[in-house]
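> give me the fold of what follows.
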Amino acid sequence: MTFLTVAEVAELMRVSKMTVYRLVHAGDLTAVRVGRSLRVPEEAVQQYLREALPARHETADQRGGAASDESG
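Numbers count the residues shown, from 1 in each chain. Just a heads-up that it's a prediction; the model follows:
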């Protein structure tokens with residue numbers, strides 16, 4: 001299992017370190033405290049991104065799958 005620092009997570013997600021801290025403290029991103037530092041499992045970052053992105057894909061699927069079935 002690979003752990004990332006807050007700075008590494010911020011760089012990977014292209015957000016500020018403060019945003020990463022907020023996600024952790026809100027419970028949206030899993031982290032482990034090591035002494036006074038936080039470490040985030042790499043898989044937790046991937047899971048967070050997977051859960052955040054489907055909202056964009058669902059709207060595209062809904063538009064594409066909304067064809068009416070008219071028999072006539």
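
> identify the bridge partners of residue 34.
Residue 34 has the following beta-bridge partners by DSSP bridges: residue 37.

> and it, what's its pLDDT?
Here the pLDDT value assigned to residue 34 is 94.

> now do residue 24
On the pLDDT scale, residue 24 is placed at 98.

> quick one, helices of the protein?
Here the chain has its helices, by DSSP state H, at 6-13, 17-26, 42-52, 54-64.

> need those in TSV (columns: mean neighbour count and distance to residue 32).
Bear in mind the C-beta positions are built from the backbone N, C-alpha and C, glycine included. What follows is these, written out as TSV (neighbours: other C-beta atoms under 10 Å; distance: least, C-beta to C-beta, whole Å):
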stretch	mean neighbour count	distance to residue 32
helix 6-13	17	12
helix 17-26	15	10
helix 42-52	14	9
helix 54-64	9	26
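
> how close does residue 14 get to residue 20?
11 Å (C-beta to C-beta, to the nearest Å).

> ditto for residue 5
In this view, residue 5 and residue 20 are 9 Å apart by C-beta to C-beta.

> any common contacting residues for these two?
Between them, residue 5 and residue 20 share the neighbouring residues residue 40, with contact defined by C-beta atoms under 8 Å, 6 or more residues apart in numbering.

> so where's this structure shaky on pLDDT?
55-72 (pLDDT under 70).

> go again using 90 as the cut-off
Under the criterion pLDDT under 90, the flagged ranges of the chain are 52-72.

> what residues are up against residue 38?
If a contact means C-beta under 8 Å, 6+ apart, then residue 38 has 5-6, 21, 24, 31-32 as its contacts.

> if you set the cut-off to 6 Å instead, what comes out?
Each residue near residue 38 by C-beta atoms under 6 Å, 6 or more residues apart in numbering is listed here: 6, 31.

> mind checking how far it is from residue 54?
Noted for residue 38: a distance of 26 Å to residue 54, by C-beta to C-beta.

> again with residue 39
Applying C-beta to C-beta to residue 39 and residue 54 gives a distance of 26 Å.

> count the neighbours of residue 4 for me.
Here the count is done by other C-beta atoms under 10 Å, and residue 4 has 19 residues near it.

> what's the separation between the closest residue to it other than its chain neighbours and residue 11?
Of all residues beyond its chain neighbours, the one nearest residue 4 is residue 40 (5.0 Å), with distances taken as C-beta to C-beta, 6 or more residues apart in numbering. Taking C-beta to C-beta as the criterion, residue 40 is separated from residue 11 by 12 Å.
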